[in-house]
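Peer 1: Build me a structure from this.
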Amino acid sequence: MNIESKKIVSFFKKIYGNGTGPSELKLNFGQTLTTSAINTEKTVLVEATMQPTEFVNYNPIGIMAIDDIKTLMTIIDSFGTVEIEKNDNLLTLKEKGKKAETILTNPEFIQEAPRKELVFDELIEIDAKIINKFIDSAKLNKDFILKMRTAPKQLILETDGKYKFTEVIEATQANGGIEIKVGAPFLGMIGEFDGKITLKLKNNYPIQIQEKTAGSIISATVAPYMDQPVEEKEE
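Peer 2: Model prediction:
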């Protein structure tokens, strides 16, 4: 089966989240391509599906276990349209006279993400580029925490740090009353999205980024930032 390299690399990037998401994946080429994975720190859980229509001559080749998705993305990105073949534990990538081969990991060594139905209070559709532009400005701070609040028909972004930024964004679905802080895991994951997403929010709860297109669905559930308790000083 064949696929444009930029298409599948983009899919993997949104799972990997610039290193904050899972780096090991168990890809299941069944009726669709699916994966469900959690990062080592257990702060990011990703569930993703790609439709067979994104491929040419899609082949349900079964489980493919990858222990270093970053390196695999680099290899695939060196192709134009890549042909994917799997023979037992050997993965072969080809295009005309070019070929790359690697040994796949035993699927038993890849941790699968626990499946849990989450219920959120707010679902807000927004262009990810708006949030990422705000985050890029906030990166004038060496470190910062992003606070997300909702008011009626508004999503409000705020940062701490030496340079404090605030932006009020129109969000017609917002009812108000949500206040969440997020840190590096969320910033890494959201940075790979560049189109329309749905933010799923609830107080004292993980935040979910979901992107639905004609060819794929990607849901990244990220742990919120929790303030550290202040230790009482002994008198």
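
Peer 1: Look up phi and psi at the closest residue to N18 other than its chain neighbours.
Peer 2: Using C-beta to C-beta, 6 or more residues apart in numbering and skipping residues adjacent in sequence, the residue nearest N18 is G188, 4.6 Å away. Just so you know, the C-beta spots here come from the backbone N, C-alpha and C atoms, and that holds for glycine as well. Phi and psi for G188, reported as degrees, to the nearest 10, are phi -70, psi -40.

Peer 1: Same check on the one 3 residues further on?
Peer 2: With angles defined as degrees, to the nearest 10, G191 shows backbone torsions of phi -60, psi -20.

Peer 1: Settle this for me: it is touching I135, isn't it.
Peer 2: Yes - counting by C-beta atoms under 8 Å, I135 is a contact partner of G191 at 7.1 Å.

Peer 1: in this structure, which spans are helices?
Peer 2: In the chain, the segments counted as helices under DSSP state H are 5-16, 69-77, 128-138, 184-190.

Peer 1: Could you name the helices and strands sitting against the third one?
Peer 2: Looking back up the chat, that one is helix 128-138. Applying 3 or more C-beta pairs under 8 Å, 6 or more residues apart in numbering; DSSP states H and E, one finds that helix 128-138 contacts strand 154-159, helix 184-190.

Peer 1: how close does P22 sit to K98?
Peer 2: According to C-beta to C-beta, to the nearest Å, P22 and K98 sit 28 Å apart.

Peer 1: ok so, going back, the residue nearest to N18: how many residues sit nearby?
Peer 2: Per other C-beta atoms under 10 Å, the neighbour tally for G188 reads 20.

Peer 1: same deal with I76?
Peer 2: That count, for I76 with other C-beta under 10 Å as the rule, works out to 19.

Peer 1: Tell me the confidence at it?
Peer 2: I76 carries a pLDDT score of 97 in this model.

Peer 1: and what of G161?
Peer 2: Reading off the model, G161 has pLDDT 87.

Peer 1: Flag the shaky bits of the protein, pLDDT-wise.
Peer 2: Within the chain, the stretches with pLDDT under 70 are 228-235.

Peer 1: and it, what are its domains?
Peer 2: The record's domain split for the chain, according to automatic domain parsing, is 2-109, 122-222.

Peer 1: Tell me the gap between stretch 114-133 and the middle of its chain.
Peer 2: 11 Å (C-alpha atoms, centre = their mean, to the nearest Å).

Peer 1: With stretch 180-187 instead?
Peer 2: That offset, for stretch 180-187, works out to 13 Å (C-alpha atoms, centre = their mean).

Peer 1: tell me how far the ends of that stretch are from each other?
Peer 2: With C-alpha to C-alpha, to the nearest Å as the measure, stretch 180-187 spans 13 Å from end to end.

Peer 1: re earlier: out of the domains of the chain, flag the one nearest R115.
Peer 2: domain 2-109 (6.9 Å; C-beta to C-beta).

Peer 1: how far does that closest one sit from the chain's center?
Peer 2: 14 Å.

Peer 1: Next, the distance between the ends of it.
Peer 2: Note: domain 2-109 ends 27 Å apart using C-alpha to C-alpha.

Peer 1: OK, contacts around the closest residue to E54 other than its chain neighbours?
Peer 2: Distance criterion C-beta to C-beta, 6+ apart; nearest residue to E54, sequence neighbours excluded, is G215 at 4.4 Å. By C-beta atoms under 8 Å, 6 or more residues apart in numbering, the contact set of G215 is K7, M50, Q51, T53, E54.
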